[in-house]
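> what's the 3D shape of this:
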Amino acid sequence: MHLIQILLPLYDNGGRKFGRAAYVGVKAQLSARFQGLTAYSRVAAEGLWRVGKSVRRDDIIVYEVMAKSLNRNWWAKYRKHLEAVFRQESIIIRAQRVALM
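So this is what the prediction gives:
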C-alpha cells in the first residue's frame, strides 16, 4: 500500500484565503477515486522553506489517501491541476510505502 499526502495552502501568494469550495472539490475527487480520505484541516500546519537568505512560510492543510498502487502519471497530472486551482508554482504531493497491520 501507498500513503499519499497532499499539502494544500490556505492562502494564495497574495495573502487571500481560498474559499471552502476549492477544498470540497479536492475532497470529493480524492474520496471518489480512492474510496476515502483523511483530512488534517482543523488546525493549519506551518510550512517553512528557505529561498536564498529569506525564509518563507505557508499555512497548509494535509489530505491523505491510501492506494494499492502508485500511478505516477495520474499524480503528476493531478498536481498540475491543483497548482492551477490553488494558483501555486508547486504543490507538494508525497508518497510512501506502508504496511497495514
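
> so after the worst-scoring helix or strand of the chain on mean pLDDT, what's the next helix or strand?
Ranking every helix and strand in the chain by mean pLDDT, DSSP states H and E puts strand 38-51 at the bottom, with a mean of 75. Following strand 38-51 in sequence order, the next helix or strand is strand 54-67 (DSSP states H and E).

> which other residues reach that following strand?
Here strand 54-67 makes contact (Cβ atoms under 8 Å, 6 or more residues apart in numbering) with 1-11, 23, 26-27, 30, 33-34, 36-41, 44-50, 98. (C-beta placed from N, C-alpha, C; glycine too.)

> just the buried residues of these.
By neighbour count, with 16 or more other Cβ atoms under 10 Å, the contacts of strand 54-67 hold 4, 6, 7, 8, 9, 23, 26, 30, 37, 39 as buried.

> ok, the residue lying closest to the second one once chain neighbours are set aside - how many residues close by?
Spelled out, it's residue 6. Leaving out its chain neighbours, the residue that sits closest to residue 6 by Cβ to Cβ, 6 or more residues apart in numbering is residue 63, at 4.6 Å. Burial of residue 63 is recorded as 20 neighbouring residues (other Cβ atoms under 10 Å).

> and the one 5 residues further on, by the same measure?
Burial of residue 68, expressed as a neighbour count using other Cβ under 10 Å, amounts to 7.

> quick one: contacts for the closest residue to it other than its chain neighbours?
Spatially, and ignoring its direct neighbours in sequence, residue 68 is nearest to residue 1 (6.2 Å; Cβ to Cβ, 6+ apart). Going by Cβ under 8 Å, 6+ apart, residue 1 touches 66, 67, 68, 97, 98, 99, 100.

> state the pair within these that is farthest apart.
Of all pairs drawn from these, the greatest distance, 14.0 Å, lies between 67 and 99 (Cβ to Cβ).

> for the two, indicate the residue with more neighbours.
Here residue 67 and residue 99 are compared on neighbour count by other Cβ under 10 Å; more neighbours surround residue 67, at 16 against 5.

> so, low pLDDT: which residues of this protein?
Segments of the chain classed as low confidence (criterion: pLDDT under 70) are 43-49.
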